[in-house]
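J.: predicted model follows, preceded by the sequence.
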Amino acid sequence: DIDLDIENARREEVIQHVYAKYTRQRAAQVANVNTYRPKLALRDVARALGHSPGQVDGWTKHLGYFDTSIPDDAGVPHQVTHLVDQLLRLPRHLSIHSGGMVLCDRPVGEVVPVEWATMPGRSVLQWDKDDCAAAGLVKFDLLGLGMLSALRETFDLLRAHHARDLALHTVPADDPAVYDMICDADTVGTFQIESRAQMAT
């Protein structure tokens, strides 16, 4: 796994650059395998067994997002709950991993099964990140970070209003006020040091 941090506002631009440089023959995005959760499994099973949409809506109101099974008091017939229990955690469909890409030195379809994505100009593997790792493929994660966009916008504002030209590699590393804020654990919104554990440290 190789992580590349980029501005979140420019991630699509970078993805399209990778496709332009390596072509869709040698580059593809990694899939996410979406598995059945109780509410979706209940909807699919009930529809397949011919239950009315109104009845299904009534049953699904008893389920929260984090429920792992159908409550006994939901009034769902045993035949439906039995099939729902069999579907849970099975794959339902593939979606595209937001920034994960695989690059190959040969047509990627010779290494991994690939399909055209529904989004134009994209190819998607039929494997998820774990399958890619097990096969020894290198996955590049193009991580869109809001903080990098905020820094670029700050540099633009400094340039426009204070005639100060800074970039990531020229930000001064010796500003005492910054270190005072870090020592006070005043780091909310500061990438990599904003969690409670990092503040406590």
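T.: Done, it's in.

J.: mean pLDDT per helix and strand in the chain: which one sits at the bottom?
T.: Every helix and strand of the chain was ranked by mean pLDDT, DSSP states H and E. The lowest is strand 91-103, at a mean of 87.

J.: give the buried residues for stretch 110-118.
T.: Applying a neighbour-count criterion of 16 or more other CB atoms under 10 Å, one finds 111-112, 114, 117 buried in stretch 110-118. To be clear about C-beta, it is placed using only N, CA and C from the backbone, and glycine gets the same treatment.

J.: give the contact list for Q198.
T.: 187, 192 (CB atoms under 8 Å, 6 or more residues apart in numbering).

J.: mind pulling the model confidence for it?
T.: pLDDT for Q198: 92.

J.: before we move on, what about L145?
T.: At L145, the predicted lDDT confidence score is 89.

J.: and the gap between it and V112?
T.: 28 Å (CB to CB, to the nearest Å).

J.: can you report phi and psi for T35?
T.: Main-chain dihedrals, T35, degrees, to the nearest 10: phi -100, psi 160.

J.: grab the nearest non-local neighbour of it.
T.: Once flanking residues are discounted, T35 sits nearest to R89: 5.0 Å by CB to CB, 6 or more residues apart in numbering.

J.: next secondary structure after the helix or strand harbouring G58?
T.: G58 is part of helix 53-60 when elements are defined by DSSP states H and E. Once the chain leaves helix 53-60, the next helix or strand it forms, by DSSP H and E, is helix 78-87.

J.: report the distance from that following helix to the chain centre.
T.: Chain-centre distance of helix 78-87: 30 Å, with CA atoms, centre = their mean, to the nearest Å.

J.: strands of the protein, start to end?
T.: Using DSSP state E, the strands found in the chain span residues 2-7, 27-35, 91-103, 114-116, 123-128, 139-145.

J.: now the helix holding G58 against helix 78-87, angle please.
T.: 60 degrees (axes from the mean of the first three to the mean of the last three CA atoms, to 10 degrees).

J.: tell me the buried residues in helix 53-60?
T.: 56, 59-60.

J.: try stretch 155-171
T.: Neighbour-count burial for stretch 155-171 [16+ other CB under 10 Å]: F155.

J.: neighbouring contacts of that stretch?
T.: Against stretch 155-171 from outside (CB under 8 Å, 6+ apart): L151.

J.: just give me how far that stretch sits from the chain centre.
T.: Relative to the chain's own centre, stretch 155-171 is displaced by 31 Å; criterion: CA atoms, centre = their mean.

J.: per-residue pLDDT, I70?
T.: 83.

J.: what's the local residue count around it?
T.: 22 (other CB atoms under 10 Å).

J.: tell me the contacts of it?
T.: I70 sits next to 38, 42, 59, 62-63, 76, 81, 84 when contact means CB under 8 Å, 6+ apart.
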